[in-house]
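Asker: next comes the sequence, and after it the predicted model I'd like to discuss.
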Amino acid sequence: MVAAAFELPVTGEDETFFGPGLAGLTESLLAQGKLRKAGSGLVPHRPGFVAADISLRSSSAKSVAVVDRDSGEIIGTVETGRAFTTLHPGAVYMHLGASYEVEQLDMDNGQALVRTFDDEWYTRPKMETDIHIERVIESKFTHGIQLSFGEVSVSDQVIGFQRISTEDQEAIDLIDLELPEQEFRTQGLWYTVPRDMTASLPLNALLGALHATEHSQIAVLPLIAMCDRWDIGGLSTNIHSQTGEATIFIYDGHPGGIGITRRGYEMFGRLLGDALGLVSECPCDSGCPSCVQSPKCGNLNEPLFKQGAIDLMQTLADSR
């Protein structure tokens, strides 16, 4: 809002762009001294190019500096929320085509120490995620499911990392880590899958179908919400403690939420159709990075059942 006001004074007519909460937001920014009145509109209280203080990579204001051990140079930054998955000890960090291995992560000082790396493998973190539904904002019955949007608490913990060979993409080993749990409150959508849609599936096949469905919908949501895939998280389970049924969650990967999954909730029909098209039209046999595999999956893309996801999403698409 403040950056927008730098470009052109904000007025009541801008509710078209900022939504019905514009009046309350501008009052809050005026009280905080971030905006001031200028004629019939509002402009930034201080001079200078406001957008220069806003990261293009992340909505997070805090970041961890990546420091080359040998030169002492800061070669990059990673937002705090992604530090444990990207800069954990032993992680391979890529920057401008060069590889570095993380030797030390110091969250207190916001710094990760790395060294030049030239081995033939890369790393993928393994995580445990749990989601608690805090508040239902909206809910509707559509495509044969109960679809909800609201506030959720997400708990993430990196418990290890896998080393992957760059030559054949095979796993070399899995190394355990002891890192603190992170928890944040955000917005998300979720839906329960009726038992009659999954009754014929064995447990592992059910988990794979739900997991592949979750991945495919996360993959296409950026085309609807105009965001990056790394801004979205997800979880699928055969039984969730609060819903008591098979449930798929998709949530904004930033504290408080930034409107991504609200868009997915509002346009769920398109989200479902795009995901179904992505998976069913992919020529691979059992799932690949182009359809159901995710580069950020905390479960190391296991289990995944491509055909089960196609069948499930086709059933939902037919249940209008």
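Answerer: Thanks, I have it. Numbering: from 1, shown residues only.
Asker: what ranges do the helices span in this structure?
Answerer: 2-7, 15-18, 22-31, 83-86, 195-198, 203-225, 260-266, 268-280, 306-318 (DSSP state H).
Asker: tell me the buried residues in the longest one?
Answerer: Meaning helix 203-225. 206-221, 224-225 (16 or more other CB atoms under 10 Å). Using the backbone N, CA and C atoms, a C-beta is placed for each residue, glycine as well.
Asker: how far off helix 268-280 does that helix point, in degrees?
Answerer: Here helix 203-225 points in a direction 120 degrees away from that of helix 268-280 (axes from the mean of the first three to the mean of the last three CA atoms, to 10 degrees).
Asker: ok so, going back, of the helices of the chain, which is nearest residue 286?
Answerer: Counting by CB to CB, residue 286 lies closest to helix 306-318 out of these; the figure is 5.5 Å.
Asker: for that closest one, what is the distance to the chain centroid?
Answerer: Taking CA atoms, centre = their mean, to the nearest Å, one finds helix 306-318 lying 23 Å from the centre of the chain it belongs to.
Asker: now stretch 177-192
Answerer: 10 Å.
Asker: do stretch 156-166 as well
Answerer: Relative to its chain's centre, stretch 156-166 lies at 18 Å (CA atoms, centre = their mean).
Asker: in that stretch, which residues are buried?
Answerer: In stretch 156-166, counting by 16+ other CB under 10 Å, buried: 156, 157, 158, 160, 161, 162, 163, 164.
Asker: closest to residue 285 out of those residues?
Answerer: Relative to residue 285, and with distances defined as CB to CB, the nearest of the buried residues of stretch 156-166 is residue 164, at 20.7 Å.
Asker: surely the closest one is in contact with residue 173?
Answerer: No: counting by CB atoms under 8 Å, residue 164 stays clear of residue 173, with 9.9 Å between them.
Asker: nearest residue to the most centrally placed residue in the chain other than its sequence neighbours?
Answerer: Centroid check for the chain by CA atoms, centre = their mean gives residue 232 as the closest residue, at 1.9 Å. Nearest residue to residue 232, sequence neighbours excluded (CB to CB, 6 or more residues apart in numbering): residue 218, at 5.1 Å.
Asker: I'd guessed the one you found sits against residue 236; true?
Answerer: No: applying CB under 8 Å, one finds residue 218 not in contact with residue 236, separated by 10.4 Å.
Asker: OK, contacts around residue 237?
Answerer: When contacts are counted by CB atoms under 8 Å, 6 or more residues apart in numbering, residue 237 is found next to 207, 210, 246, 247.
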